[in-house]
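In: my questions are about this predicted structure, shown below with the sequence.
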Amino acid sequence: MEYHALDAKDFEAGEIQIDSRKKQYGWYKIDDVLTHFGSLGKFQLILIIETSMLNCIAAWRILFDIFTTKRVDWSCTLEGNDNNCRHVEGEMPCDSNTGIGEEGVIYWEYDKQQIGHSIKSSFNVPCSANSNFSYTITSSIYFLGAFFGVWIFGRLSDTIGRRKTLLISLSMCVAQAWIIPFSHNIELYLVCRFVDGAAFGGFFLIAFVLEIEYSPPKYRSYLSTAFHIVTSIGMSTVAIWGYAFKDWRWFAGALAIPPTLMLPVCYFLIPESPRWHLSKGQDKEALALLEKVAETNGVSLPENCRLYEDVDVQTGFRPILSNLLLVRCGIINMFGWFMTSLVYYVLTFSASSLAGDIYVNAAILGAAEIPGRIGAFVVMKYLGRKTAFISALGFASVCTFVSIWDNDDSRRVMYCFGKALSAALWAVIYLYSSEMYPTKIRNLGSGIGSAFARIAALIAPFIGDWLKKDEVTPYILVGISAIVCCATFVFVPETTGKDLPQTIGDFEKLFMTAAEKEKEKNASSSAL
């Protein structure tokens, strides 16, 4: 076997005309080799199982606070102690629905049988803050960590590799997961949740990128849909953990076990990306990984296979800012990430129509997303990524407008449709970002977009609180913003069925029409 990575000078000098004569000379892009292997094989299936487990862990960590900040029953008492909350004049005790106005009552206390069910009672959160100190605050801290995590780990994975960065972020997740059950105050709990969010910003995004980078073009929409269906399954099954472990410390300890078990699995089994190796000029390592894929799948590499990609020397923000097309598409892509997250989490945090058992509700919320994920796959496959995103976000905006009407039935129906549509948006935006950015800045570009999604997730709980006071304005603002975002996506390229861009030049070719590509191909043939 021969190994070689071509740089731009090879093309400028006309030494090799790859696209028209690659079979004659034995040059292949990584997508060509993966396509040559045929369908997904054993290697990809093992990788899918591994990334699916990481996906479930991420989903469980996202909804973690729902079951650690549960409402705890309380009662009024004439005798107080250090574990009770003193009633302050002019302030209502948290969860105030009984006992208010009784003469002589100056203290209240938690139900002793539920004392360990929530961090509110365990950490004796002050009564004036108790009602607000719930999923709104703790989830905002989590997503603040995720904001920094996707930014830092996105850059890091493009620099030191996908595998190393995944192991670092997963190790962070394991460390804080075992500290949380033994937290002795609310401050330590919040620090752990911040670190947990940062870790999520690393291993979740990298797991998805690795899955896509080992996939032939025609299977990417399948894998993207399956990846996000697993997310919905994780959202549903976290209710099982919560029901089995009512005490929040036992619940936290139980959820620390899966990432702990996955860490050695990832260390020994998760591969590096051949595309990352090739982007670093490590063509021998890239081809060696593809040989391992071929061996595991029981197929063979193309005869006299030699890998090539245009090699860009720049990484980081400079190549993004140096290309106006990339800047424009990057801004629009960030807007898309932001609106996807905002619509999704606003619906999540304002779901007052789904009253009842917390465990049943959590299962329903996750299951409601699955039809949206499947619908996104069908639209992406037959109509393209752009159409799927624009249509899903457009219909989601309609759901937010309809939610303005003060009708429980219409809101309940629109909420369910909105959850399905916003779930579809996640499937599309993750896949689209991984297909649009060149290899050397793929994780950075996707990470920046994901960072903006975390900003939206941080804001969304407070919009949920706003909706309790004003049920019109927030929905109007979110709906109008969604429509504007749909309009901007007209100006980004379609990526369906196209090779993953290795360089900025490959990215620019995404804008070429079929006629322009044919013209370029004929020009290359004439040059020979």
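Out: Here it is on my side, so go on.

In: may I see the buried residues of the host helix or strand of residue 176?
Out: Secondary structure from DSSP states H and E places residue 176 in helix 162-179. By neighbour count with 16 or more other C-beta atoms under 10 Å, helix 162-179 contains the buried residues 162-163, 165-177, 179. Where you see a C-beta, it was placed from the backbone N, CA and C, and this is true even at glycine.

In: again with stretch 397-406
Out: Across stretch 397-406, burial judged by 16+ other C-beta under 10 Å covers 397, 398, 399, 400, 401, 402, 403, 404.

In: next secondary structure after the helix holding residue 176?
Out: helix 186-213.

In: any idea of the angle the helix or strand just after that following helix forms with helix 186-213?
Out: Once the chain leaves helix 186-213, the next helix or strand it forms, by DSSP H and E, is helix 220-244. Helix 220-244 and helix 186-213 meet at an angle of 150 degrees, taking axes from the mean of the first three to the mean of the last three C-alpha atoms, to 10 degrees as the criterion.

In: check which helices and strands helix 220-244 sits against.
Out: Helices and strands touching helix 220-244, by 3 or more C-beta pairs under 8 Å, 6 or more residues apart in numbering; DSSP states H and E, are helix 42-62, helix 64-68, helix 186-213, helix 248-269, helix 358-383, helix 408-436.

In: of these, which approaches residue 122 most closely?
Out: Closest of the helices and strands packed on helix 220-244 to residue 122 is helix 248-269, at 6.9 Å (criterion: C-beta to C-beta).

In: in the closest one, what counts as buried?
Out: In helix 248-269, counting by 16+ other C-beta under 10 Å, buried: 248, 249, 251, 252, 253, 255, 256, 258, 259, 262, 266.

In: same question, stretch 467-474
Out: 467, 471, 474.

In: of the helices and strands packed on helix 220-244, which approaches residue 221 most closely?
Out: Here helix 358-383 is closest among those (C-beta to C-beta), at 4.5 Å.

In: so how far is the helix or strand just after the closest one off the chain centroid?
Out: Counting by DSSP H and E, the next helix or strand C-terminal to helix 358-383 is helix 385-402. Helix 385-402 sits 19 Å away from the centroid of its parent chain (C-alpha atoms, centre = their mean, to the nearest Å).

In: related to what we said a few turns ago, sort out for me which of the buried residues of stretch 467-474 are in helices.
Out: 467, 474 (DSSP state H).

In: where does pLDDT dip in the stretch 351-500 of the chain?
Out: Per-residue confidence for the stretch 351-500 of the chain (pLDDT under 70) gives these ranges: 351-356, 404-412, 468.

In: same question but for the stretch 51-200 of the chain, I mixed them up
Out: 71-116, 124-135.

In: if you set the cut-off to 80 instead, what comes out?
Out: 70-118, 120-136 (pLDDT under 80).

In: kindly reformat the buried residues of stretch 467-474 as a markdown table containing distance to residue 68.
Out: Converted to a markdown table, the buried residues of stretch 467-474 look like this (distance: C-beta to C-beta, whole Å):
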| residue | distance to residue 68 |
| --- | --- |
| 467 | 23 |
| 471 | 28 |
| 474 | 26 |
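
In: who's in contact with the helix holding residue 176?
Out: Helix 162-179 is contacted from outside by 54, 57, 61, 149, 153, 156-157, 188, 192-193, 195-196, 198-203, 206-207, 209-210, 213, 252-253, 255-256, 259-260, 262-263, 266-267, 270-273, 276, 443, using C-beta atoms under 8 Å, 6 or more residues apart in numbering.

In: again, only this time at 6 Å
Out: Contact with helix 162-179 is made by 153, 156-157, 192, 195-196, 199, 202-203, 206, 210, 256, 259-260, 263, 270, 272-273, 276, as judged by C-beta atoms under 6 Å, 6 or more residues apart in numbering.

In: and the residues you listed, which of them are buried?
Out: Using 16+ other C-beta under 10 Å, the buried ones in the contacts of helix 162-179 are 153, 156-157, 192, 195-196, 199, 202-203, 206, 210, 256, 259, 270, 272-273, 276.

In: and the buried residues of helix 162-179, which two are furthest apart?
Out: Among the buried residues of helix 162-179, 162 and 179 lie farthest apart (C-beta to C-beta), at 26.6 Å.

In: start and end of stretch 209-222, how far apart?
Out: Start-to-end span of stretch 209-222 (C-alpha to C-alpha, to the nearest Å) is 14 Å.

In: no wait, stretch 174-186
Out: For stretch 174-186, the end-to-end distance is 19 Å (C-alpha to C-alpha).

In: off-centre distance for it?
Out: From the chain centre to the centre of stretch 174-186 is a distance of 24 Å (C-alpha atoms, centre = their mean).

In: likewise stretch 361-378?
Out: 15 Å.

In: what comes up buried for that stretch?
Out: Buried residues in stretch 361-378 (16+ other C-beta under 10 Å): 362-366, 368-377.

In: quick check, nearest of these to residue 65?
Out: When the buried residues of stretch 361-378 are compared against residue 65 (criterion: C-beta to C-beta), the nearest one is residue 362, at 11.8 Å.

In: how close does that closest one sit to residue 58?
Out: To residue 58, residue 362 is 16 Å away according to C-beta to C-beta, to the nearest Å.

In: next one: residue 290
Out: For residue 290, the distance to residue 58 equals 28 Å [C-beta to C-beta].

In: residue 274 now?
Out: On the measure of C-beta to C-beta, residue 274 and residue 58 end up 24 Å apart.

In: can you add pLDDT and give the buried residues of helix 248-269 back as TSV?
Out: Listed next are these as TSV, based on pLDDT from 0 to 100:
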residue	pLDDT
248	90
249	92
251	94
252	95
253	95
255	96
256	96
258	96
259	96
262	96
266	94
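
In: now the two most distant members of these.
Out: Farthest pair in these (C-beta to C-beta) is 248 and 266. Separation: 27.4 Å.

In: which among the buried residues of helix 162-179 gets closest to residue 482?
Out: Checking the buried residues of helix 162-179 one by one against residue 482 (C-beta to C-beta), the nearest turns out to be residue 169, at 30.8 Å.

In: what number of residues lie near residue 302?
Out: 16 (other C-beta atoms under 10 Å).

In: what does residue 234 give?
Out: That count, for residue 234 with other C-beta under 10 Å as the rule, works out to 21.

In: how about it: what's its closest non-neighbour residue?
Out: Spatially, and ignoring its direct neighbours in sequence, residue 234 is nearest to residue 59 (2.7 Å; C-beta to C-beta, 6 or more residues apart in numbering).

In: check the gap between that neighbour and residue 396 for me.
Out: 21 Å.

In: who has more neighbours, these two?
Out: Between residue 59 and residue 396, residue 396 has the larger neighbour count (other C-beta under 10 Å), namely 29 against 22.

In: let me know the pLDDT of the nearest residue in space to residue 297 that is not next to it in sequence.
Out: Once flanking residues are discounted, residue 297 sits nearest to residue 41: 2.9 Å by C-beta to C-beta, 6+ apart. Per-residue pLDDT puts residue 41 at 88.
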